[in-house]
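*Asks:* starting from these lines, generate the structure:
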Amino acid sequence: MAMNKERKVEPVKPVISSSGHVSLFTEYDIELFKAGWHYRLYDKLGSHAMTVNGVPGAYFAVWAPNARSVAVTGSFNKWSTHSHVMNIRWDGSGIWELFVAGVAEGAHYKYHIESHTGYSADKADPYAVHCETPPQTASIVWNIDFEWTDGAWMERRKEGWQDKPMSIYELHIGSWRRKSDAKFDFLSYRELAAELPEYLNELGFTHVELMPVMEHPFYASWGYQITGYFAPSSRYGRPEDFMYLVDALHNAGIAVILDWVPSHFPTDEIGLGYFDGTHLYEHDSPRKGFHPEWKSYIFNYARNEVRGFLISNALYWLDKYHIDGLRVDAVSSMLYLDYVREPGEWEPNEFGGRENLEAAGFLKEFNTVVHANYPDAITIAEESSAWPGVTHAVSEGGLGFDLKWMMGWMHDTLKYFSVDPLYRSNHQNNLTFNIYYIFDEKFVLPLSHDEVVYGKRSMINKMPGDTWQQFANLRLLYGYMYGCPGAKLIFMGSEFAQNYEWQHDYALDWQDSKGALNAGVQMLISDLNTLYKQPQLHENSFSYEGFEWIDFNDTVNSAMSWLRKAKNGTSFLFICNFTPVVQYDYRIGVPMEGQYKELLNTDSAKYGGSDVLNGVLQTTDVAMHGQEQSLLLTLPPLGMMVLQWQLPVE
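*Replies:* Purely as a prediction, here's the structure:
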């Protein structure tokens, strides 16, 4: 597989034939394109404002191999479908090209495609870098021009992400804050840049994950039904405005992860579906090419040009927008041919199995190319099955992702916390079972947007009991999550215990954050993120060397204790009481003799708790839990404590 390891792209220069034909493609470009190995297609296909022989205009190029005719129609020719008919290349690539004199940056356009089948449609440019604001659907001629100031960040990023804290704030741009209660009165990218970095720093998050920013016609799809893969949504501003937001986040020390959707695309006529009168980007069989749950098309990963489109798109965001990572959506739907399908509704692979071998091959290629070109960028899989080796190297038979969302941890943990504490003793295995496989992959522990919509209730309203118990349970949940191995992810609004479910048509209920108990949860998140930056909690986050049980068998008291260890052997001791009863004279074994200091207690009054604290404790020579020393504690109700051994003072 040919892979260009160079990050720098040579300036785009037109090739002008003796007959005056203008192209951005060399013979080598076409060779790579046909093979599916051209990973910078955004520099070639699409529209590019340029000057040719002293004449300003725009070059257009689109892949439509089965079209009978393709014309550029736009604001510059009164949307005529006959004025600017494109020329198909002679090399069998299926690429149509045309240089149109006098077309300036900002011109609106589409491709009018007529097929040999009689089909005709006006299509948005698959490679457009800027689009009209929905519900308008035209592409816009646009050459991005932005002066980055994040050089120090990009240099620091080369140190890598391993053994560093990764606390992710998941955010939907359209509904984090609003200018007013009007339905579409969004903050712009630049207005968001004035508020978001400071807020994330105040709470101590290291990363922000943006739900898809790529252009999508249906706002309520949250960005997961994309028609403009290369264009940040113009609902919030221009491409340069989104760059400004990324730049501001980087200068505040915040890494930016984008949700990326190579799994499916909508059936809107303006989009990729049935692009040239044939199933070009999608499979022609609905048993492979149509998603029955999402009513969308599925990419044909066996087609070289489609893989080139998708991988070019991934590199585009890393290249042009300095994005630090891509979280790949709906990986399970890609990997299994029978995903949400009944028997008879899917086609087995060549070996008779349910695995989508073409999709698995694509994901391996995607990860290989991304890491070859941007070794300091992160790829994350939203993958809910037991597919082996998702975060293992491609050379070792894995898919090559850096991280995987641990959906099993999320489901088991929320199931446990939904149980009335009176009955939790019968369900403790929901919390302890995941430790048996938590190091099989490198995991992110996600409490994402999917858990606070469609009647699933907000995080605070998932918790049982009266108001005090609900908040205590939520504080305990967050403390427990930060004590577990793995990266962390919390969806916006959950950090201050928003009362209502997330609603994309409205801003978060920021008035909730002013309540005393809500503010306590928010303060706890800040303190947990501060604690998480200590090496004990992130250095060995993906290794057994970083975790050791003290006791997970005390189901009678619904209590658990464990150690989190740094590479130098120092550790933090976590103790959880999952009941609302204060447990006095509770003894646990500890590995070191001496004093242990309480670093954090979720029951502290400053968080809204009952202030059952322990302060500094002294070990005694009483063996417990396989340890020669032990501590006698008071366990706070529905609380988690973090203790640290104190170096004796000589």
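
*Asks:* element containing residue 193, please.
*Replies:* Counting by DSSP states H and E, the element that carries residue 193 is helix 189-203.

*Asks:* dump that helix to PDB, restricted to CA.
*Replies:* The C-alpha coordinates for helix 189-203 follow below in PDB (Å, rounded to 0.1, in the frame of the first residue of the first chain):
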ATOM      1  CA  TYR A 189     -17.500  29.700  16.100                       C
ATOM      2  CA  ARG A 190     -15.800  32.900  17.200                       C
ATOM      3  CA  GLU A 191     -18.300  33.600  19.900                       C
ATOM      4  CA  LEU A 192     -17.800  30.100  21.200                       C
ATOM      5  CA  ALA A 193     -14.100  30.700  21.100                       C
ATOM      6  CA  ALA A 194     -14.500  33.600  23.500                       C
ATOM      7  CA  GLU A 195     -16.200  31.400  26.100                       C
ATOM      8  CA  LEU A 196     -15.500  27.700  25.700                       C
ATOM      9  CA  PRO A 197     -11.700  27.600  26.300                       C
ATOM     10  CA  GLU A 198     -11.900  29.400  29.600                       C
ATOM     11  CA  TYR A 199     -14.800  27.300  30.800                       C
ATOM     12  CA  LEU A 200     -13.000  24.000  30.000                       C
ATOM     13  CA  ASN A 201      -9.900  25.300  31.800                       C
ATOM     14  CA  GLU A 202     -11.900  26.300  34.800                       C
ATOM     15  CA  LEU A 203     -13.200  22.700  35.000                       C
END
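
*Asks:* ok, and for that helix, which residues are buried?
*Replies:* 189, 190, 191, 192, 193, 196, 197, 199, 200, 201, 203 (16 or more other C-beta atoms under 10 Å). Quick note: C-beta positions are derived from backbone N, CA and C, even for glycine.

*Asks:* tell me the mean pLDDT for that helix?
*Replies:* The average pLDDT within helix 189-203 is 98.

*Asks:* residues contacting that helix, please?
*Replies:* Helix 189-203 has contacts (C-beta atoms under 8 Å, 6 or more residues apart in numbering) with 169, 171, 173, 176-177, 179, 187, 208, 232, 236-237, 241-242, 244-245, 247-249, 251-254, 495, 522, 525-526, 529.

*Asks:* same check, this time on stretch 551-567
*Replies:* 163, 421, 424-426, 428, 431-432, 435, 483, 485, 534-537, 539-540, 545-550, 571-579, 583, 586, 588-589, 591, 625, 635.

*Asks:* how does it look with 7 Å?
*Replies:* Stretch 551-567 is contacted from outside by 421, 424-425, 428, 431-432, 483, 535-537, 539-540, 545-550, 571-579, 583, 588, 625, 635, using C-beta atoms under 7 Å, 6 or more residues apart in numbering.

*Asks:* buried ones in it?
*Replies:* Buried residues in stretch 551-567 (16+ other C-beta under 10 Å): 551-552, 554-555, 557-566.

*Asks:* same question, stretch 529-541
*Replies:* For stretch 529-541, burial by neighbour count (16+ other C-beta under 10 Å) applies to 529, 531, 532, 534, 535, 536, 537, 538, 539, 540, 541.

*Asks:* same check, this time on stretch 348-366
*Replies:* Result for stretch 348-366 [16+ other C-beta under 10 Å]: buried residues 356, 358, 359, 360, 362, 363, 364, 365, 366.

*Asks:* give the next helix or strand downstream of the helix or strand where the last one lies.
*Replies:* This means residue 366. Using DSSP H and E, the element containing residue 366 is helix 357-373. Later in the chain than helix 357-373, the nearest helix or strand by DSSP H and E is strand 378-381.

*Asks:* off-centre distance for that next one?
*Replies:* Chain-centre distance of strand 378-381: 7 Å, with C-alpha atoms, centre = their mean, to the nearest Å.

*Asks:* for it, packing partners?
*Replies:* strand 325-328, strand 403-405 (3 or more C-beta pairs under 7 Å, 6 or more residues apart in numbering; DSSP states H and E).

*Asks:* got the end-to-end distance for stretch 78-90?
*Replies:* 29 Å (C-alpha to C-alpha, to the nearest Å).

*Asks:* show the average pLDDT along it.
*Replies:* Stretch 78-90 shows a mean pLDDT of 96.

*Asks:* list the buried residues for it?
*Replies:* Neighbour-count burial for stretch 78-90 flags 81, 84, 86, 88, 89 (criterion: 16+ other C-beta under 10 Å).

*Asks:* note down every partner strand of the helix or strand just after the helix holding residue 193 and its orientation.
*Replies:* Using DSSP H and E, the helix or strand that directly follows helix 189-203 along the chain is strand 207-210. Here strand 207-210 is paired, per DSSP bridges, with strand 167-171 (parallel), strand 255-260 (parallel).

*Asks:* low-confidence regions, the chain specifically.
*Replies:* For the chain, the stretches with pLDDT under 70 are 1-12, 17-20, 647-650.

*Asks:* which residue ranges of the stretch 151-300 of the chain form strands?
*Replies:* Taking DSSP state E, counting those that start in this stretch as the criterion, the stretch 151-300 of the chain contains strands spanning 167-171, 207-210, 214-215, 228-232, 255-260, 264-265, 290-291, 296-298.

*Asks:* point out the most buried one among the ones you listed.
*Replies:* strand 228-232 (a mean of 27; mean count of other C-beta atoms under 10 Å).

*Asks:* and the angle from that one to helix 189-203?
*Replies:* For strand 228-232 against helix 189-203, the angle by axes from the mean of the first three to the mean of the last three C-alpha atoms, to 10 degrees is 80 degrees.

*Asks:* and strand 228-232, what does it pack against?
*Replies:* Packing partners of strand 228-232 (3+ C-beta pairs under 7 Å, 6+ apart): strand 214-215, helix 304-320.

*Asks:* rerun at 10 Å
*Replies:* Counting contacts by 3 or more C-beta pairs under 10 Å, 6 or more residues apart in numbering; DSSP states H and E, strand 228-232 packs against strand 139-140, strand 214-215, helix 239-251, helix 304-320.

*Asks:* kindly reformat the ones you listed as JSON lines and extend each row with distance to residue 285.
*Replies:* Shown next, in JSON lines, are the helices and strands packed on strand 228-232 (distance: least, C-beta to C-beta, whole Å):
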{"stretch": "strand 139-140", "distance to residue 285": "30"}
{"stretch": "strand 214-215", "distance to residue 285": "27"}
{"stretch": "helix 239-251", "distance to residue 285": "36"}
{"stretch": "helix 304-320", "distance to residue 285": "15"}
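
*Asks:* among those, which is nearest residue 616?
*Replies:* Proximity to residue 616 (C-beta to C-beta) singles out helix 239-251 among these, at 39.5 Å.

*Asks:* list the buried residues for stretch 425-434?
*Replies:* 425, 427, 428, 430, 431, 432, 434.

*Asks:* that stretch: end-to-end distance?
*Replies:* By C-alpha to C-alpha, the extent of stretch 425-434 from end to end equals 17 Å.
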